[in-house]
Structure formats: C-alpha cells, structure tokens
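> Have a look at this fold, sequence not included:
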C-alpha cells in the first residue's frame, strides 16, 4: 500500500461519566482562560519539543481536560518551556503556566 | 556599680540581652551552615584590602545611607539622621559618660540614662559643651523621626509614590522606634530641669517644664518618663531581630561577605539568609515594579517576596509572579541580589524532575547547517520572528561571512526559560545538548540574536574558547572592521533596552552605536539601567495576557512619546511585545542594519 504519511487514529471513546474530573476542574478553576482554547493547534505547530518528539501540547491538554490523565505528566515533561506557544496562541493563553500547572496537578499520576 | 542601678533600667537591659543573644545565634547559625567554599572565600578574604573597603562601605551605607540619598535627598536625610544620628548619640554619649560619671567602672548602660545618673548635668569644663553637642545630636535624630512621621502621611514628598504595607510585628517595632527619641527628650528635659542644666534643648525645655508645672510634679513625672523611655527601648530591642529592623545588624556582615565575593546562586544556600534579613522593607523596590504600576499586582514586589520568604510564608503565586526585569535590583539601597533570590526560591515549587527528562535529546538529529568557525544561534524567539533571521542572513552575506547555523531549521531551546522556572537540573540537560553541539562543530565565535540565549550561554554554558556575542556586538564589530557599510539616512530611531541584554548582560552601548551610524537616536526617559520591561518576560509564568498587554502598552506609550519614526530593539521577544501596541514601526536592530546596507 502506498504510504502518504498519514495514518488513521485508533477509534476510541472517552466516557466522561467514568473519568475523575476533579483535577481537570481544578485546573480549569486555576486557569479559567483555558475555556477560551479553540484547539487550533498553533501551540503544537510552533513547538520546539514537538519538532523533535511526538509531544503534542494541544492533544495532551485536550485529554487532560476530559479527565484522561494517564501519561500526561510524562508528556508535559518533554516541554522545554521556551514560550513560543504562548506567543503564537491566538487566545493569549498562558500556555507555559498550563504546562507547569498540569505537571503539578498530575505529578502523582506518573 | 550599684550607683548605676535603678529598677527602670530593667526593660532596657532585658531588651539588649535578647537582641544580642538572638543576633549572635543567627549570625553563627548562618555562618556555620554556609557551604565549605563560601567559608573558604571569607577566610581567604579577611586579610586582604577588601576588609578595609568593607569597613568604609559599612560607614557609607549602614550609617550614612549614601545610596538612599541618590533616590531622594530628603529620604536620604531621614535615614542618615536616624542611623548616623543614633550612632553618634551612642558614641558621644559614651564619651560623655566615661568623662563625667564618677567611679572606676562605668557600666555600658550608664550613658543611655546619663542624665539620670549624673550628679550634675553640666559637670566640669567639658560638661556644658558635651551636653550641648548631645542636645544637637538628639535634635538631629528627632528631625529624622519627624520626617518619618511626615512620610507616613505624604510619602510623595520624600520621592516615594507607594510605601510598604507593614505586618503587625513591624508596626509594633516601628511605633516603639518613633517613641524612643521623643521619650528620651521628655525624660532628659525633666531631669535637666530638676538639675538646673543650661543646655539649649533639654536644659531650656526642662526649665520651662519646671516653671510651668512646678518642681514637685516634674519630680514625679520624671520617674514615669524614664520608665517609659526604657520600656520603648526594650520593646524595640526585643522586636528588632524578628522584624524589619534586623537589617541594621545584617547589612554589616552582608557588606563584608559581598566584598569577599560570596554570592547567591541558582540554588538556595545559607548566604541567602544574610541577604533576605538585610532587607529593611524600605519599599524603594515598589515604585519601579511594573507589575504594581501597570498590572495592578501589589503583593509580589521584592519587599513582600523577601518578607514572605524570611518568615517561611512564601507561596508559589508570589515566587513566580515576577518579570525578573531587574529594575528593583538596580535601585535596592542594600544591593540585595533580588533576581537570584527570586530564582532560587522557585526550585522547591517546580515539579520534581523525572529521571529521564529530555532523554529524547540523545537521539535528536543534528539539524544544523553549514560549516564555519562562526556559529549563529537564532534561538526559539528569533525562529518565530523570521524577519530577524532574514536580516541576519543578509548581514552575513554582505560581510562575506561563512556561518554555521545551529538551529535555522529548528533547534533545541537554550535552557534559560526552564532555569527561570526553577527546574535547574532539567535545564542542565538541555544546556549540555547545545554545548556538545557547539563543541562538535568546532566554532570559536557564537553569535545569537536573542538576549535570553546570550545570558545563559555566558553564565551557564562554560564555553571556554568560544566567544559569545550578541548580534548587536557582532554587527558593530563588522561595521568597525569595514566588513559591512551602512548608509546614514534621515530616519529617527528610539531604542528599547531589553532587560536580559541591558541590566542582564550589561550591553547598552553597542546597539546605540550601531543605530547612530544609521540615523538619529532619540532616547526615552527611562533608559539603560532604568529601562522598562516589555512585559513578555519568560521569567513570569503567573500573569495573564491582559496583564502582559498592559505593561506593553505603557512601554509602547513611552516609546511613542519620543516622536521617533521607528522603535528599535535588540530582542525578538521585546519586538513582538512592543509591536502589539506600538503606533510606529518596531524593528530589530538587525533589520534596521540590513535595510541600510550599502555597497
């Protein structure tokens, strides 16, 4: 089969009733501006760490917001905090603060 | 000895005992806990000229408060009169007591209550003279106390827009301090009146008191007056080592240690205590803080940060909410390393680093291009402002310089943002990656257009044999060597000093020289060491976009006031921040140079 460089994500469903939303809600309370995120992916497109690894800030953030915490700490630890995402964010979200916050809240999920 | 005892001296005696016990305990504890290399620095420094220099500095700063005179002369006078005046009262008072009090042994406290213990106040030939000198000194100190009262009501008259909001302990100590000298005046006057002294202040005031209220009443009153004086002294001395007034005795060892080249470091250590407790909470750091002025944040300034850290109440919110622009550090009259202390307070809040942090770097591909002894590190922020990258390319081409591009096609962050957030160990791994990259390609010169990268390259990379240059320095060198020619036009420019380049790395002149080769330079009011921050500083992870924007607006406004056609800066991050609110063009230095390139 010809490889075009695309692949298909595994089908999956997130059951929001089963997930523990406590931490997600706490993160949102601490940084309410996250509600304005439009998931445009500018952060991921400019990401320094994302250019070297599979780190995807948009994806990790989206999963954490839906209560999928597993692996989020390890993923966020790939971030170098360089701050390009904050400059490119069209909603002016303090993305570096989000990285620090998610790491702090999810440290125990390592 | 018993001649010099009366019950009322007890509060004073207890106060002094507590004061010196606590201070000695603190000094010894801090010194013993200092790391070996710091203690070695001190022991090696003691027999050198630095000790003499430190003694001079103690006189100039701890007594005369020379640096506060520079902030505002009236504020300087207030501090000088209180510190130097009180010191002279003690020194001259001691001379007076030892000359005039009878007995072989004069206990140390006798001069504090001299007028009470002296048989006759204007005793002997020197008595009248010394008595008048002491009155003059008391008046000198009282003028300082009056100014301190006045400052509570109208701080602006003393050059301070805002003053510190004090905690209860400080308020108690402050109130005691305010009462000490008026109490002394009243007690000494009462006794002088009874003993028929003729000195100009206490003598005359005492005479008036006796004439007005009668000898009997003043005799009764004087007992209470001396008690009151002793009690306020006692309260002040007990409060001193636990309040802001600990600075009086901490600044002295700090000056010596600093002269012996002991410094704070990115990790907290015992020497930090000397700096933290040397803060007098004068509040001079509040006015320059843009978070206070533009973003309305009033609880994070250095004075509050040091206070919280001293009493172990430091919250993450306060530790992280600082631009680390360094504007307060340049004004601090005690010369405390405020940025370093802020930085090393962050480590305990930073998430524990996993052992495999940045392990992916070991398999990261080398994406550098070209071969040359001259390396160019654009930095993340320059990669996000491609105009600067293109301008640098044009300059390299015009100069005929072969360049090794470290990260033109994407690279690894310099590590400073991570370090600024307190993850010092993790930052080290990133730094090691870049350093190995520089070594592998054998460069001897490293040019960067980002002051953030510049600072970390110079301070943490230990790049021996590689000259690290900011592009402003490099461009100036190219012009001076005649390798590129720039045409002088009619444009007017204003220059914004980036924090990390100016206060951070001490580069003020090079960008200005380059600009003056191209056009006329109009300076902003607050420039060089006093330059404003753009608000986008990577050191602050706490403020939101709106707050950043307000700081940037204030800066853009000031830059626009110069009336210059173009705003020039030398930091890609500053450029982006200013451009958000600027009414005129905002360019990086390299862009201006690239546009002016002649043949």
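Happy to help now that I have it. Predicted, not measured: the structure shown is a model, and the values here were computed from it. Numbers count the residues shown, from 1 in each chain, chains lettered A, B, ... in the order given.
> Might you name the residue of chain B sitting closest to chain A?
Closest contact between chain B and chain A, by C-beta to the nearest C-beta, is at residue B:545 (3.0 Å). Where C-beta positions appear, they are placed from N, C-alpha and C, glycine not excepted.
> Tell me, how many residues neighbour that residue?
By other C-beta atoms under 10 Å in any protein chain shown, the residues close to residue B:545 number 18.
> which regions of the chain sit below the pLDDT cut-off?
Picked chain A for this. For chain A, applying pLDDT under 70 flags the ranges A:1, A:108-110.
> Let me rephrase: I mean chain B.
For chain B, applying pLDDT under 70 flags the ranges B:1-2, B:121-127, B:351-354, B:599.
> Can you name the residues of it that neighbour chain A?
Contacts of chain B with chain A, taken as C-beta under 8 Å from any C-beta of the partner chain, map to B:350-354, B:357-358, B:360-361, B:364-365, B:380-381, B:383-384, B:410-413, B:415, B:417-418, B:421, B:423, B:430, B:536, B:538, B:541-546, B:548-549, B:573, B:576.
> List the contacts of residue 82.
By default, I'm working from chain A. Contact partners of residue A:82, counting by C-beta atoms under 8 Å, 6 or more residues apart in numbering or on different chains, are A:48, B:380-381, B:413, B:417.
> I was after chain B.
With contacts defined as C-beta under 8 Å, 6+ apart, residue B:82 is in contact with B:141, B:144-145, B:148.
> cutoff 10 Å now
With contacts defined as C-beta atoms under 10 Å, 6 or more residues apart in numbering or on different chains, residue B:82 is in contact with B:65, B:140-145, B:147-148, B:177, B:181.
> Tell me the one of those residues nearest residue B:310?
For residue B:310, the closest of the contacts of residue B:82 turns out to be residue B:177, at 19.2 Å, with distances computed as C-beta to C-beta.
> Among the residues of chain B next to chain A, name the buried ones.
Taking 16 or more other C-beta atoms under 10 Å in any protein chain shown as the criterion, what is buried in the residues of chain B next to chain A is B:350-351, B:353, B:357-358, B:361, B:364, B:380-381, B:383-384, B:411-413, B:415, B:417-418, B:421, B:423, B:430, B:536, B:538, B:541-543, B:545, B:548-549, B:573, B:576.
> contacting residues for the nearest residue to residue B:81 once chain neighbours are set aside?
Excluding its sequence neighbours, the residue lying closest to residue B:81 (C-beta to C-beta, 6 or more residues apart in numbering or on different chains) is residue B:144, at 3.1 Å. Residue B:144 makes contact with B:77-86, B:181, according to C-beta under 10 Å, 6+ apart.
> Kindly report the same for residue B:332.
Residue B:332 sits next to B:67, B:275, B:278-280, B:282, B:284-285, B:288, B:302-303, B:306, B:338 when contact means C-beta under 10 Å, 6+ apart.
> that older thread, residue B:22: which of the contacts of residue A:82 is nearest?
The shortest approach to residue B:22 among the contacts of residue A:82 belongs to residue B:417, at 40.8 Å (C-beta to C-beta).
> Surely that closest one and residue B:452 touch.
Yes - contact status for residue B:417 versus residue B:452: in contact at 7.3 Å, counting by C-beta atoms under 10 Å.
> Overlap of the contact sets of those two?
A:82-83, B:380-381, B:538-539.
> Torsion angles phi and psi at residue B:267?
Backbone dihedrals for residue B:267, given as degrees, to the nearest 10, come out at phi -110, psi 140.
> now swap in residue B:486 and tell me
Torsion angles, degrees, to the nearest 10, at residue B:486: phi -120, psi 140.
> For it, give me its contacts.
With contacts defined as C-beta under 10 Å, 6+ apart, residue B:486 is in contact with B:395, B:398, B:475, B:478-479, B:514-515, B:517-519, B:592-598.
> who does it bridge with?
Per DSSP bridges, residues listed as beta-bridge partners of residue B:486: residue B:597.
> Please identify which helix or strand holds the residue of chain A found nearest chain B.
Proximity of chain A to chain B (C-beta to the nearest C-beta) peaks at residue A:92, 3.0 Å away. Taking DSSP states H and E as the criterion, residue A:92 maps to no regular element, lying outside all helices and strands.
> How many neighbouring residues does it have?
Residues within reach of residue A:92, counting by other C-beta under 10 Å, total 16.
> Could you do residue B:335 as well?
Applying other C-beta under 10 Å, we find 17 residues neighbouring residue B:335.
> Now do the contacts for it.
B:57, B:61, B:67, B:251, B:254-255, B:258, B:275, B:278, B:329 are the contacts of residue B:335 under C-beta under 10 Å, 6+ apart.
> circling back: of the contacts of residue B:144, keep whichever come out buried.
Here, 16+ other C-beta under 10 Å leaves B:77-86, B:181 buried among the contacts of residue B:144.
> Mind putting the residues you listed into a markdown table with secondary structure and distance to residue A:28?
Output for the buried ones among the contacts of residue B:144, formatted as a markdown table (DSSP: H, G, I helix; E, B strand; the rest coil; distance: C-beta to C-beta, whole Å):
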| residue | secondary structure | distance to residue A:28 |
| --- | --- | --- |
| B:77 | helix | 53 |
| B:78 | helix | 49 |
| B:79 | helix | 49 |
| B:80 | helix | 54 |
| B:81 | helix | 55 |
| B:82 | helix | 51 |
| B:83 | helix | 52 |
| B:84 | helix | 56 |
| B:85 | helix | 57 |
| B:86 | helix | 55 |
| B:181 | helix | 56 |
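> now, which of these sits nearest residue A:55?
Proximity of those to residue A:55 (C-beta to C-beta) peaks at residue B:79, which lies at 53.3 Å.
> Help me confirm that that closest one comes into contact with residue B:68.
Yes - A contact is recorded between residue B:79 and residue B:68 when judged using C-beta under 10 Å, the distance being 5.0 Å.
> okay, and the common contacts of those two?
Here residue B:79 and residue B:68 share the contacting residues B:280, B:282, B:333, scored by C-beta under 10 Å, 6+ apart.
> Format those as JSON lines; extra columns: secondary structure, distance to residue B:208 and neighbour count.
Formatted as JSON lines, the entries for the shared contacts of residue B:79 and residue B:68 read as follows, by DSSP: H, G, I helix; E, B strand; the rest coil; distance: C-beta to C-beta, whole Å; neighbours: other C-beta atoms under 10 Å in any protein chain shown:
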{"residue": "B:280", "secondary structure": "coil", "distance to residue B:208": "37", "neighbour count": "23"}
{"residue": "B:282", "secondary structure": "coil", "distance to residue B:208": "37", "neighbour count": "21"}
{"residue": "B:333", "secondary structure": "coil", "distance to residue B:208": "40", "neighbour count": "21"}
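> which one among the residues you listed gets closest to residue B:6?
Checking these against residue B:6 by C-beta to C-beta gives residue B:280 as the nearest, at 33.7 Å.
> The closest one contacts residue B:240, correct?
No - between residue B:280 and residue B:240 no contact is recorded; they are 11.8 Å apart, counting by C-beta under 10 Å.
> ok, now how distant is residue B:455 from residue B:183?
With distances taken as C-beta to C-beta, to the nearest Å, residue B:455 is found 52 Å from residue B:183.
> next one: residue B:540
Going from residue B:540 to residue B:183 by C-beta to C-beta gives 46 Å.
> what does residue B:24 give?
With distances taken as C-beta to C-beta, residue B:24 is found 27 Å from residue B:183.
> Which strand or helix spans the nearest residue in space to residue B:112 that is not next to it in sequence?
Using C-beta to C-beta, 6+ apart and skipping the chain neighbours, the partner closest in space to residue B:112 is residue B:12 (6.6 Å). Counting by DSSP H and E, the element that carries residue B:12 is helix B:10-32.
> other SSEs contacting that helix?
helix B:36-45, helix B:215-239, helix B:247-259, helix B:271-277 (3 or more C-beta pairs under 10 Å, 6 or more residues apart in numbering or on different chains; DSSP states H and E).
> burial of residue B:152, as a residue count?
By other C-beta under 10 Å, neighbour count at residue B:152 equals 10.
> Who are the contact partners of the closest residue to it other than its chain neighbours?
Using C-beta to C-beta, 6+ apart and skipping the chain neighbours, the partner closest in space to residue B:152 is residue B:163 (7.9 Å). With C-beta under 10 Å, 6+ apart as the criterion, the residues that contact residue B:163 are B:151-152, B:155-156, B:281-284, B:286-287, B:303.
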